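Asker: With the input below, show me the fold.
(chains A and B)
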There are 2 protein chains.
Amino acid sequence: MSRSVAERRAAILESLNQSGPRKVRELADELGVSAVTLRRDIEDLANQGTLVRKHGMAHPLSAEAPAPRKQPTVGLVVPHSDYYYDGIISGAKRACAEAGARLILGVSAYDQLTEMQQGRRLVANGVDGIVIAPTPNPETGLLSEKQESWLGSLTVPTVLMERPPSNAGPAAKLDSVTSAHAAGAAAAVRHLAELGHERIACLLIQGPNSAPIQAGYEEAVAILGLTSLGVVSEGRQGSVDAAPALHQLIKDGATALFIHNDQLATRALTWLQDAGTQVPRDVSIVGYDDVIAAYASVPLTSISPFRAHVGHRAVRLLLDRIQQAATPGESPFEAAEHIYLVPQLVERESTRPRK
Amino acid sequence: MSRSVAERRAAILESLNQSGPRKVRELADELGVSAVTLRRDIEDLANQGTLVRKHGMAHPLSAEAPAPRKQPTVGLVVPHSDYYYDGIISGAKRACAEAGARLILGVSAYDQLTEMQQGRRLVANGVDGIVIAPTPNPETGLLSEKQESWLGSLTVPTVLMERPPSNAGPAAKLDSVTSAHAAGAAAAVRHLAELGHERIACLLIQGPNSAPIQAGYEEAVAILGLTSLGVVSEGRQGSVDAAPALHQLIKDGATALFIHNDQLATRALTWLQDAGTQVPRDVSIVGYDDVIAAYASVPLTSISPFRAHVGHRAVRLLLDRIQQAATPGESPFEAAEHIYLVPQLVERESTRPRK
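Answerer: Below is the predicted model:
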């Protein structure tokens, strides 16, 4: 019968605590798992600081180091662990390492029920605080009343990541750390304007970040006195694509496109190529996310949210809150904080001065 | 018994000076604090140049170090030094004291030319960075293109306070620390809703913060399913007052008023009294700013922006930037940050459950 990863890892720690340092293979035999699986477990547990690897053996903490004093444990709940979130996780890991804190990861697979289970389990397991990127409504990007109630009721300090709470909801007193997507979109438009482009169109994939990104595009077009050729919204994966609308924009005289995100931008490159339009000779493109932008057929200039910084900042803020909770009254500075980190523009080959 | 941060840090320095270089964990045990707290202290003290970190140990300066890093000088430019800004200045002073930095204050008297002169003079006098609350357009709350150009061209690290830059303007890459006024307004409405009020009106003084405050009021009324009795905008000082509109709101069945700011709320108290309407018996009031709220004829429940926290946070962020500028490439975390601090509600006698 298969145990969960968490159960298996609990068994590893229990065995080490009872029997002292063990060879990896012995421990694998004892627990009836493969050596490969066990090595992976031990690596993760060592990274979390819950055991120590030394000379090919796993050591319980107690045998090795005097128990570290109140090493805080941070729970991190993210929708998944790749594409966008790998960077966030790496920043969170770094912040924990710098502070001597332990990190426990939960993955919600974009499912709100799973997310709540993960959160409850982390609290039950005694984490000192939680950083969570809750799964929003996929269309509006907002959290539901039910989610906010749950988030607001967690009994440990909680920092929201990439989704600030609504101002009037039950999670309004939680801190948040979010990429400033409106500022990111505006930076894309400003870059194109500085290259001399005046007729700029926007292609948006429908998703939780559409609203701030569209707002940033429109703010920038207005402030910079440019002509917007309109916003084309691309449906979710699998729906009819935006190619015809894109061709129309080029006919209407667009010399530059701001496209959210890079996946859609790489598809747009193909559509344009099929129609004989060359990038960047005929039209410049700025993409968004900067995860795959460097690997497009024309390497894309792209807006790059500071993913690692978001994870790092959220954990730092949480550690501050954990410390404040442990020493009440010591800090007079306890306002909830909403922190927005402005993405940067990374220039590659898809943008060029207007002819 | 808990020591203050300053006392704890003094104890750290004293111990190092007496006993020489120490391991972090040893020192934590000796002082009876957690390793996390101690690491943070040591990091801050090292950043201030009052001790040296090396090989996981803390070294006293005399035993180890070349000349301590120069004491940084922070320039602070505010529109004036009382009412709202005295709190901000006190937080900035505290942050400078904690970090061993020097503070130089400039006051612009809400004049944009004076503001620029103050800024230039501070730079000429060799400040290492500037925190500035720029004077916005008094109606829109926005900074002008000219101001943003000037702010963006300052040759030292600069943090904007209470006025974030526009996303597409020439100051877009500056950091900012701002009171989250929309969240403050929403907290007022939520408090009234929790007291059972369903028909809530809003009285706003015309000024640079009107837009976010009105937005927060409207967001909260919508999310909480309340009835808005509309927003009455009061003109600038000296214009015809809003008394007739206020009496109409009461006739229309308003049982609660959210009034920005406390000065207008104290005038509203008089108007209501003149008409025989008693606060809080007949109508509840939440004010805004919490500078004079406690001294109104009926002490006002009010929304209290964390003024000292805003000043403290802005200086801390600036000191981080000054350090990053001095050690380029050392920190990978350099995204511009826009930090919003959520005000708190302070309950007094002007609010009561709806009959």
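
Asker: what's the next secondary structure element after the worst-scoring helix or strand of chain A on mean pLDDT?
Answerer: Least confident helix or strand of chain A, by mean pLDDT, DSSP states H and E, is helix A:61-64 with a mean of 52. Going down the chain from helix A:61-64, the next helix or strand is strand A:73-78, by DSSP states H and E.

Asker: Quick check: buried residues in that next one?
Answerer: A:73, A:74, A:75, A:76, A:77, A:78 (16 or more other C-beta atoms under 10 Å in any protein chain shown). In this view, the C-beta of every residue, glycine as well, is placed from N, C-alpha and C.

Asker: who's in contact with that strand?
Answerer: A:85, A:88-89, A:92, A:96, A:101-108, A:115, A:118-119, A:122-123, A:125-134, A:161, A:311, A:315, A:318-319 (C-beta atoms under 8 Å, 6 or more residues apart in numbering or on different chains).

Asker: repeat for stretch A:266-282
Answerer: Stretch A:266-282 is contacted by residues A:203, A:241-243, A:246-247, A:250, A:255, A:257, A:259, A:283, A:285, A:287, A:292, A:296-298, A:300, A:349-352 when judged by C-beta under 8 Å, 6+ apart.

Asker: How about that stretch, which residues are buried there?
Answerer: Those would be A:266, A:267, A:268, A:269, A:271, A:272, A:277, A:279, A:280, for stretch A:266-282 by 16+ other C-beta under 10 Å.

Asker: From the residues you listed, pick the one nearest chain B.
Answerer: residue A:280 (21.6 Å; C-beta to the nearest C-beta).

Asker: and the gap between the closest one and residue A:272?
Answerer: For residue A:280, the distance to residue A:272 equals 11 Å [C-beta to C-beta, to the nearest Å].

Asker: And for residue A:255?
Answerer: Using C-beta to C-beta, residue A:255 is found at 13 Å from residue A:272.

Asker: Common neighbours of those two, please.
Answerer: Joint contacts of residue A:255 and residue A:272 (C-beta under 8 Å, 6+ apart) are A:282, A:283.

Asker: and the contacts of stretch A:266-282, which are buried?
Answerer: A:203, A:242-243, A:246, A:250, A:255, A:257, A:259, A:283, A:285, A:287, A:292, A:296, A:298, A:300, A:350-352.

Asker: what about stretch A:320-333, near chain B?
Answerer: Yes. Residues of stretch A:320-333 contacting chain B under C-beta under 8 Å from any C-beta of the partner chain: A:323, A:326, A:327, A:329, A:330, A:331, A:332, A:333.

Asker: List just the nearest of those to chain B.
Answerer: Lowest distance from chain B to these (C-beta to the nearest C-beta) belongs to residue A:333, with 4.5 Å.

Asker: Show me where the stretch 51-200 of chain A has its helices.
Answerer: Counting by DSSP state H, counting those that start in this stretch, the stretch 51-200 of chain A has helices at residues A:61-64, A:85-99, A:112-124, A:145-152, A:181-194.

Asker: which residues are in contact with stretch A:43-60?
Answerer: With C-beta under 8 Å, 6+ apart as the criterion, stretch A:43-60 contacts A:9, A:12-13, A:16-17, A:20-24, A:27, A:42, A:61, A:64-65, A:68, A:71, A:93, A:100-104.

Asker: now do 6 Å
Answerer: If you take C-beta atoms under 6 Å, 6 or more residues apart in numbering or on different chains as the criterion, stretch A:43-60 is touched by A:16, A:17, A:21, A:22, A:23, A:42, A:64, A:102, A:103.

Asker: Looking at the helix or strand that residue A:246 is a member of now, give me its mean pLDDT.
Answerer: In the assignment (DSSP H and E), residue A:246 maps to helix A:243-251. Averaging pLDDT along helix A:243-251 gives 91.

Asker: by contact count, what packs against that helix?
Answerer: Judged by 3 or more C-beta pairs under 6 Å, 6 or more residues apart in numbering or on different chains; DSSP states H and E, the packing partners of helix A:243-251 are helix A:262-274.

Asker: hmm, try it at 8 Å
Answerer: strand A:227-234, helix A:262-274 (3 or more C-beta pairs under 8 Å, 6 or more residues apart in numbering or on different chains; DSSP states H and E).

Asker: Would you reformat those as JSON lines and include distance to residue A:157 and mean pLDDT?
Answerer: Conversion of those to JSON lines gives the following (distance: least, C-beta to C-beta, whole Å; pLDDT from 0 to 100):
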{"stretch": "strand A:227-234", "distance to residue A:157": "38", "mean pLDDT": "83"}
{"stretch": "helix A:262-274", "distance to residue A:157": "34", "mean pLDDT": "93"}
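
Asker: As TSV, those with distance to residue A:345 would be great.
Answerer: Shown next, in TSV, are the helices and strands packed on helix A:243-251 (distance: least, C-beta to C-beta, whole Å):
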stretch	distance to residue A:345
strand A:227-234	19
helix A:262-274	13
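
Asker: just checking, which of the buried ones among the contacts of stretch A:266-282 belong to helices?
Answerer: The helices, defined by DSSP state H, take in A:243, A:246, A:250 from the buried ones among the contacts of stretch A:266-282.

Asker: quick one: the closest residue to the first one other than its chain neighbours from residue A:248, how far?
Answerer: Of all residues not flanking residue A:243 in the chain, residue A:271 sits nearest, at 4.3 Å (C-beta to C-beta, 6 or more residues apart in numbering or on different chains). The span separating residue A:271 from residue A:248 equals 12 Å under the rule C-beta to C-beta.
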